[in-house]
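Visitor: this one's sequence-less:
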């Protein structure tokens, strides 16, 4: 009996891989055009359909259009970014200070995806050994939203240079809720052909072939055809 073919049609598969490879962390290309409510609802639904350990669904979404709130968040970023810049000296430090690392005020919308660390109760199925699976699950919601946004032509930028305790205070989060991802969203004038940090010379993509191991760390995969297949694909820019 032939095995069932559950693969998407070729054009649909190509769309999935295109979103993965063309996704970018956007900081400077935002347009002022608002995101229509129907489009934003689709992005949030995509995020809400992420997998989660024990089906705990620990995420919530704060849709932040208040300029006053965004201004307070931006001031946290400016202070934390100045501290981070002091970690780099010489040419590396000069390059760091030239990088644009957020679009909090330029983007038409900010979104904070949170993780409720108490959701599901004390004993969540599958979480007994690794308690941080709630954080991992919320990261999957972020990625779902990011890929859906690329398919919609919307740029997303993750602002990680923020003090989470201060951010939680600004957003009025309950004690059990952690602000996992502060995102800037909006239509853009361009999606760069490669990640911005690679383009700026900060860091380049590591070769996939050197990141793939066999059954033990440092061992080669048993099937030697895998290395040839990876080489055939080449290294993408996503």
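Guide: Okay, I see it. Just so it is clear, the structure is predicted and the values come from calculations on it, not from any experiment.
Visitor: Look at residue 50 and give its secondary structure.
Guide: coil (DSSP: H, G, I helix; E, B strand; the rest coil).
Visitor: wait, I meant residue 162
Guide: coil.
Visitor: Where do the helices of this protein begin and end?
Guide: Listed in chain order, the helices of the chain (DSSP state H) span 10-22, 37-48, 67-85, 90-98, 133-151, 164-171, 196-200, 225-233.
Visitor: quick one: residue 151 and residue 17 touch, right?
Guide: No - counting by CB atoms under 8 Å, residue 151 does not reach residue 17; the two are 11.5 Å apart. Placement of C-beta: from N, CA and C, glycine included.
Visitor: quick one: the longest strand anywhere in the chain to helix 67-85, angle?
Guide: In terms of residue count, the longest strand belonging to the chain (DSSP state E) is strand 177-187. Strand 177-187 runs at 100 degrees relative to helix 67-85, counting by axes from the mean of the first three to the mean of the last three CA atoms, to 10 degrees.
Visitor: who does strand 177-187 touch, helix- and strand-wise?
Guide: strand 109-116, helix 133-151, strand 154-159, helix 164-171 (3 or more CB pairs under 8 Å, 6 or more residues apart in numbering; DSSP states H and E).
Visitor: Who has more neighbours out of residue 151 and residue 17?
Guide: residue 151 (16 against 11; other CB atoms under 10 Å).
Visitor: The nearest residue to the more buried one once chain neighbours are set aside: neighbour count?
Guide: If the residues on either side of it in the chain are set aside, residue 151 comes closest to residue 19, at 5.0 Å by CB to CB, 6 or more residues apart in numbering. Residue 19 has 17 neighbouring residues, counting by other CB under 10 Å.
Visitor: how about residue 19, what does it touch?
Guide: 147, 148, 150, 151 (CB atoms under 8 Å, 6 or more residues apart in numbering).
Visitor: could those go into TSV alongside distance to residue 159 and pLDDT?
Guide: Below are the contacts of residue 19 laid out as TSV (distance: CB to CB, whole Å; pLDDT from 0 to 100):
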residue	distance to residue 159	pLDDT
147	19	98
148	19	98
150	18	98
151	22	98
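Visitor: and which of those residues is nearest residue 116?
Guide: Residue 116 has its nearest neighbour among the contacts of residue 19 in residue 148, at 22.0 Å by CB to CB.
Visitor: Tell me how many other residues crowd the closest one.
Guide: 20.
Visitor: hang on, it packs against residue 46?
Guide: Yes - Residue 148 is in contact with residue 46 according to CB under 8 Å; the separation is 3.7 Å.
Visitor: sorry, back to before: so the longest strand of the chain versus strand 109-116, what angle?
Guide: Using the same axes, to 10 degrees: strand 177-187 against strand 109-116 is 150 degrees.
Visitor: This completes my enquiry, with thanks.
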